[in-house]
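quick one: sequence plus predicted model below, questions after.
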Amino acid sequence: MTVSKERKAELIKEYGKDEKDSGSASVQVALLTERIRELTEHMKSHKKDYHTRRGLLMLVGQRRRLLGYIKRNDIEEYRSLIAKLGIRDNIQ
């Protein structure tokens with residue numbers, strides 16, 4: 001249920017400034033989105049896995065906080081990021 005090394009490097013290259021930029025907020029949001037999608041698929045077949053559900057909700061909250069930070073600092077980057085990732089705009 002983790003993101004593979006190759007997929008992580010691909011996401012860092014796509015959303016980061018360079019290959020070593022794994023700490024910027026947009027890269028973190030992209031990595032969290034990938035993990036959230038994997039866990040969502042897991043939860044579809046394992047409905048009573050409450051430990052995974054709690055972890056999933058924590059990841060969603062963390063992504064929401066990071067998206068709020070990006071939206072406050074650079075609204076254009078925020079709009080392009082949610083469009084590329086295919087997530088809804090519900091950050092106040």
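Perfect, thanks for sending it.

how about the helices of this structure, start to end?
With DSSP state H applied, the chain shows helices at 5-15, 25-45, 50-73, 75-85, listed in chain order.

closest one to Ile91 among those?
Of all those, helix 50-73 sits nearest to Ile91, with 5.0 Å by C-beta to C-beta. For glycine as for every other residue, the C-beta is placed from the backbone atoms N, C-alpha and C.

so which bits of the closest one are buried?
Residues Leu56, Leu59, Arg63, Arg64, Leu66, Leu67, Ile70, Lys71 are the ones in helix 50-73 that count as buried (16 or more other C-beta atoms under 10 Å).

do stretch 82-92 as well
Using 16+ other C-beta under 10 Å as the test for burial, stretch 82-92 gives Ile82, Leu85, Ile87, Ile91.

for stretch 14-28, same thing?
Buried, per 16+ other C-beta under 10 Å, within stretch 14-28: Tyr15, Gly16, Ser24, Ala25, Ser26, Val27, Gln28.

who's in contact with the closest residue to the third one other than its chain neighbours?
Nearest-residue entry for Ser24: Gly16, 5.8 Å, with adjacent residues in sequence omitted and distances by C-beta to C-beta, 6 or more residues apart in numbering. Neighbour list for Gly16: Ser22, Ser24, Ser26, Val27 [criterion: C-beta atoms under 8 Å, 6 or more residues apart in numbering].

the second one contacts Leu11, doesn't it?
So the one you mean is Ser24. No: applying C-beta atoms under 8 Å as the test, Ser24 and Leu11 come out as separate, 11.6 Å apart.

would you mind measuring from the closest residue to Gly68 other than its chain neighbours to Ile82?
Counting by C-beta to C-beta, 6+ apart, Gly68 lies nearest to Ile91, which is 5.0 Å off, once chain neighbours are set aside. Distance from Ile91 to Ile82, counting by C-beta to C-beta, to the nearest Å: 9 Å.

so which two of the contacts of Gly16 are the farthest from each other?
Spatially, the most separated pair among those is Ser22 and Ser26, at 10.9 Å (C-beta to C-beta).

okay, now the unreliable bits of this protein?
1, 92 (pLDDT under 70).

isn't the residue nearest to Gly68 up against Leu67?
Yes: assessed by C-beta under 8 Å, Ile91 is found in contact with Leu67 at 5.1 Å.
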